[in-house]
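> Okay, structure incoming, though there's no sequence with it:
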């Protein structure tokens with residue numbers, strides 16, 4: 001027994017060392033392989049401008065910034081209270097988000113596969129991903145949004161696999177944050193439905209209409225849908241008040257007549 005415990009302890013120690021070494025590479029690529037200049041243009045300049053008008057979420061023309069939901073500019077505002085500069089606060093959010101994603105990916109893949117080798121290679125691809133390296137050191141919301149996506153998926157899987165109410169609450173919470181951060185939240189709905197099917201594929205019976213924990217799984221979906229619906233209702237109110245609204249590329253005025261769901265999500 002003592003020998004088995006020793007072997008198990010050595011295995012977990014070696015695993016921690018491998019993950020720690022990979023995390024050092026992860027940090028090195030993000031802290032020392034970037035540019036010392038930040039180009040302010042397009043969306044990142046708008047995020048900072050919207051943050052300056054907290055909590056109104058306005059741009060230079062004093063109109064609501066409807067191209068993107070408000071949570072990321074809100075996060076920049078609160079981060080700037082600590083780091084004093086908006087662009088520094090936004091960069092800190094990107095870096096911290098990428099670090100959180102690293103560890104969530106580790107826990108997520110270990111939860112799903114129970115296989116360290118698969119988990120390691122997933123982390124390796126994330127560590128070496130050039131777009132994610134760039135996003136984690138710039139005023140871009142991609143790192144923030146990716147973190148929220150994986151937090152939502154991880155806690156959903158944890159809730160379904162363990163009938164865990166705390167995980168279900170956290171899934172709904174991070175899903176709501178995602179709904180107020182990016183219109184990409186529309187993809188979380190099929191992702192959660194597919195996750196439910198995959199995690200319960202041995203128990204689901206369409207013929208017998210057996211869907212275990214279906215009510216349990218629907219709760220975060222409904223909460224996230226309500227949150228995103230509230231943002232869409234704000235957009236609908238604004239669009240329907242104007243014939244044209246400056247919500248296209250670089251503020252191009254767009255025709256907002258004949259509104260439908262797709263136009264609400266993206267008038268372009």
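Received the coordinates, thanks. Given the structure is predicted, the values throughout are model-derived calculations rather than measurements.
> tally of neighbours for residue 171?
29 (other C-beta atoms under 10 Å). For every residue, glycine as well, the C-beta is placed using N, CA and C.
> Next up, the contacts around the closest residue to it other than its chain neighbours.
Nearest residue to residue 171, sequence neighbours excluded (C-beta to C-beta, 6 or more residues apart in numbering): residue 155, at 3.8 Å. Contacts for residue 155 were tallied using C-beta atoms under 8 Å, 6 or more residues apart in numbering; they are 167-168, 170-171, 174.
> at 7 Å what do you get?
167, 170-171, 174 (C-beta atoms under 7 Å, 6 or more residues apart in numbering).
> Of these, just say which sits nearest to residue 61.
Distance ranking of the contacts of residue 155 against residue 61, using C-beta to C-beta, places residue 174 first at 32.4 Å.
> which of the residues in the helix or strand where that closest one lies are buried?
Using DSSP states H and E, residue 174 sits in helix 165-179. For helix 165-179, burial by neighbour count (16 or more other C-beta atoms under 10 Å) applies to 167-168, 170-179.
> List of residues touching it?
71, 145, 148-149, 151-152, 155-156, 158-159, 185, 188, 216, 219-220, 223-224, 227-228, 231.
> what do you get for stretch 67-81?
Residues outside stretch 67-81 that contact it (C-beta under 7 Å, 6+ apart) are 47-48, 50-51, 54-55, 57, 86, 89-90, 92-93, 141, 144, 177, 180-182, 231, 247.
> What ranges does the stretch 51-200 of the chain have for its strands?
Ranges of strands within the stretch 51-200 of the chain: none, based on DSSP state E, counting those that start in this stretch.
> what about the helices in it?
Secondary structure of the stretch 51-200 of the chain by DSSP state H, counting those that start in this stretch: the helices cover 71-83, 86-113, 116-128, 130-135, 142-162, 165-179, 188-199.
> for the protein, what's the longest helix?
In the chain, assigned by DSSP state H, the helix with the most residues is helix 2-31.
> could you give the angle of that one to helix 142-162?
Counting by axes from the mean of the first three to the mean of the last three C-alpha atoms, to 10 degrees, helix 2-31 points 150 degrees away from the direction of helix 142-162.
> Please spell out which residues along helix 2-31 are buried.
Per 16+ other C-beta under 10 Å, helix 2-31 contains these buried residues: 19, 22-23, 26-27, 29-30.
> Please list the outside residues in contact with the one helix or strand residue 245 maps to.
Assigned by DSSP H and E, residue 245 falls within strand 244-246. Residues outside strand 244-246 that contact it (C-beta under 7 Å, 6+ apart): 61, 63, 238-239, 252-256.
> from those residues, which is closest to residue 135?
Among the contacts of strand 244-246, residue 252 lies closest to residue 135 (C-beta to C-beta), at 25.0 Å.
> Looking at strand pairing, list the partners for the closest residue to that closest one other than its chain neighbours.
With C-beta to C-beta, 6+ apart as the criterion, residue 252 has its nearest non-adjacent residue at 6.9 Å, and that residue is residue 246. Under DSSP bridges, the beta-bridge partners of residue 246 are residue 253.
> For residue 26, see how far away residue 246 is.
39 Å (C-beta to C-beta, to the nearest Å).
> Report the residue spans of the stretch 101-250 of the chain with pLDDT below the cut-off.
202, 204-211, 248-250 (pLDDT under 70).
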